[in-house]
Structures are given as C-alpha cells and as structure tokens.
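# Would you be able to build a 3D model of this:
(4 chains)
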Protein chains: 2
Amino acid sequence: MPRWESGSRERLQQAALELFETRGFDGVTVAEIAAAAGLTERTFFRYFADKREVLFAGQDDFERQFLTALAGAPDGDPMTIATAALAGGAAFLPAERRPWSRARQRVVDAHPALRERELLKLSALAAALTRALTERGVGPVPAALAAESAVTVFRTAFAAWIADGEERPFGEVQAGVLAELHSLVGRR
Amino acid sequence: MPRWESGSRERLQQAALELFETRGFDGVTVAEIAAAAGLTERTFFRYFADKREVLFAGQDDFERQFLTALAGAPDGDPMTIATAALAGGAAFLPAERRPWSRARQRVVDAHPALRERELLKLSALAAALTRALTERGVGPVPAALAAESAVTVFRTAFAAWIADGEERPFGEVQAGVLAELHSLVGRR
DNA sequence: CACTCGATGACAGTTGCTGACATCAGCCTA
DNA sequence: TAGGCTGATGTCAGCAACTGTCATCGAGTG
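You can find the predicted model right below:
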C-alpha cells in the first residue's frame, strides 16, 4: 500500500482545470488546487514551475511529435519540410479530444497571463522547428519564416477546429488553412 | 516650483532598463527601481500594471502606426494590404534607435517572463491587424493568416536588424525578409 | 534489521501586487 | 485672499505566488 495516492501530477492538473473553469484563474489559489488534489501548496510547486504551468504540461511530447514528423520528411524546399511537421501535430488532436480542448481553451482565452504562456510555448515550438531546419542546411531567415508560418497555420487551424459548429477532423481543417496561406502569400 | 519632478514615468523606465541590464530582471526589486527614480513602489504600480510592463510601454503608439498605415493602403488582396502596414512599423525604428533596441532586446531575451510579454504584445498587434482586415471585408481565416504573416515578417526583420554587423536600415531588411517569405510560401 | 531513497509536509521568508486612506502643492473660485 | 478641489504621491496593511530548508515516513534493499 503506497504511502500516498499515485498520480499526483494528474490530480493536480484535473483539479486546477475544474477550479479555473468555475471560478476563473484569479479566483483560485494554488493552495486550493493542492488541497483539492489532497496535497499541499509546496508540493504543487514541485510538479509545476508556476501556477500557470499546470495547464501547459505535456508540451514536450507535443513538440516531439512535430519534430519527429519533420525529421521523417524528405528533403525539399523549407516550406514543404515545415509543412510535413504539421501532420505530426494533427495526431495530438483526435476528435475525442475536441470537447476537452474547447473547455481548456475557454479557460486560457479568459486570462492574458495564460495566453502569454500559450504564446511562449508556441514560440518555443517555432524555435525548435527553426533549429531543426537550419540543421538540415536551411539558412536562418528562411528557416525562421517557414517554421513561424507552419506554427501560424497550426494555430489558425486549431482556432477554427475549436470553433462552434466545426465538425471536420483537425487534419482536414489544417490542410484547408495551409492551402489558404499558399494562395494568399503566393500572390505577388 | 512643482512639488515633484515631472517625467516620473520616463524616469522609472530608464531606471528599470539600467538596473535590469546590470543585475538582471530577477535581481532587481520594484522597490529598487522606484527608489532609483525617487519614488515609492506603490507609485511604480500606478504607472505600470506589473513589473514587466515598464519595458513595454508605448506599445499603443506602435500599434497605431501599423493601423494607420494599413488604413491608408488601397484595396487589394489581403497580403498586400497587410504588407502596407509593415511600412508603418518601420517608421518606429530609425538608425539612431538601433543601439537602444539592441540593449533592450538583450534584456528581454534574457528572461522568459519578458519574452512572454513581448509575444503577447505582438499577438495583440496581429489581432488588431486581423480585425482591421475583417472590417475591410476580408474573411476571418485569410485575415488572420495575412496579419500573422505580416507580424512574422516584422519580427524576423527586427531580429535581423538587431543582429551584430547588420548595417542596413530597417525598411530594407524588412523588404528582403518579405521577399523571402513570398518566394518560400509562394512555391507549391 | 538497519539503511537509504523519494515523495511529501511544515514553516519561515521574500517579493509582486492591491486596497484604503492620508498628504500636500497648485489651481480655481467666491 | 481664504477656502476648497484636484491630482500625484506617500504610508500602511495584507494577500498570494514562489523559494529555501529541514523534518517525516513508507517502501525497497542488502
């Protein structure tokens, strides 16, 4: 019999999301989240660097999906390689996850501090993609542009996928957004 | 004779930047910044919503420059309109400002909390451009893509303009980055 | 059985940030 | 010119986020 229930991290995450949904990010203290998970405030901070981070864990896996997809892409022009990474991200967003994503995003959108953190995570993803591209011999500016554009497509597609009434799977939405980007920027 | 020296806001900003440069963002307390400006901590928070914000004031003027440039652009495809906004931003970055921009960016890049705030500001800019485009009749997805792409060009150009050894004026750097984006994404 | 290890608790301390109220120079007005 | 108003600032108390440090204790290990 373990001295403590296992899965502390997951319990903290779930408790935090539920509390934030009902009372808002500012209306909940870390001590309350910890108590709801049967732990203390100090333990919360052993799992998460700060209060916001509890909503953004698992980002590493996410980033890795993009990177492995990119690594598996054949050589070609930078934008095509970056586009290949997008397919990896789609695996993270099956249809079952859409309701959860909607709920979570409502919480994030409701507080600038959480939007900040989300932007930082996406920026880190773009930086990782940029690095991977430069390591394949792409120049720094084209690498940055291709990576940022790919992340923009992902972000825009995610927003559309989350929107009320949208029913298509994520990959399909994302493909549509990507096509729009090409037709928009392709024009001279 | 005024009871207090005028320009409290500017004094706070300058004191903060100098202290952050030498001792790092975490190594300086708000009380110290205020004291260096001859004020109290409480007054600091009357000028700036939080400790980070002292480095990001004047963002409104910045955004307005982009928006007025966009408003003055003739109708056309969304990316061309968004591109016109970029010219407005360039006015904010004359050659004299480059050393200051370099110093400031070193401070911002050195701390994730400051990078977060910078990303939030750029995101707000993209949102404003998106709104302006939709108000001109552009659909939501194309508007978002064009606005985000324009901001990406600006951000990438800024990084290049700041880089060691770069001597060209901002507008020239930005034009080059924009051309690269077109050639990258334009390919099918 | 003693020993170590890892997850947790307990506790004190710093700092960011806020609300409430006081102060005081300069201006306006009667 | 007295008196009141205003706006910028100071003072103080307090909460909550976050950190360092040490204690606790169940579980595996030899």
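
# On the pLDDT front, check A:Q59 for me.
The model reports A:Q59 with a pLDDT of 86.

# which non-adjacent residue is nearest it?
In space, and not counting its chain neighbours, A:Q59 is closest to A:K121: 5.2 Å by CB to CB, 6 or more residues apart in numbering or on different chains. Every C-beta, even on glycine, is put in place using the N, C-alpha and C of the backbone.

# Now do the helix or strand that neighbour falls within: distance to the chain's middle.
Per DSSP states H and E, A:K121 falls inside helix A:112-135. Distance of helix A:112-135 from the chain centroid (CA atoms, centre = their mean, to the nearest Å) equals 9 Å.

# which residues are contacting it?
By CB atoms under 8 Å, 6 or more residues apart in numbering or on different chains, the residues outside helix A:112-135 that reach it are A:25, A:52-53, A:55-56, A:59, A:62-63, A:66-67, A:70-71, A:78, A:81-82, A:85, A:107-109, A:140, A:142-144, A:146-148, A:150-151, A:154-155, B:112, B:115-117, B:119-120, B:123.

# which among those end up buried?
Burial by neighbour count, 16 or more other CB atoms under 10 Å in any protein chain shown: within the contacts of helix A:112-135 this picks out A:25, A:52-53, A:55-56, A:59, A:62-63, A:66-67, A:70, A:78, A:81-82, A:85, A:107-108, A:142-144, A:146-148, A:150-151, A:154-155, B:115-117, B:119-120, B:123.

# what about stretch A:104-124, near DNA strand D?
No: Stretch A:104-124 lies apart from DNA strand D when judged by CB under 7 Å from any atom of the strand; the minimum separation is 8.9 Å.

# where's that stretch relative to the chain centroid, distance-wise?
For stretch A:104-124, the distance to the chain centre is 9 Å (CA atoms, centre = their mean).

# How about that stretch and DNA strand C, touching?
No: counting by CB under 7 Å from any atom of the strand, no contacts exist between stretch A:104-124 and DNA strand C, the nearest distance being 9.0 Å.

# State the distance from A:T156 to B:A147.
From A:T156 across to B:A147, the span is 10 Å (CB to CB, to the nearest Å).

# Was I right to think A:A95 contacts A:G171?
No: with contact defined as CB atoms under 8 Å, A:A95 does not count as touching A:G171 (10.6 Å).

# Among these two, which residue is more densely surrounded?
Shown here are A:A95 and A:G171; by other CB atoms under 10 Å in any protein chain shown, A:G171 has more neighbours (17 against 11).

# ok, that one - contacts?
Going by CB under 8 Å, 6+ apart, A:G171 touches A:87, A:90.

# Secondary structure element holding it?
helix A:170-186.

# quick one, that helix and helix B:170-186 angle?
Orientation check (axes from the mean of the first three to the mean of the last three CA atoms, to 10 degrees): helix A:170-186 against helix B:170-186 gives 130 degrees.

# I'm done for today, thanks for sticking with me.
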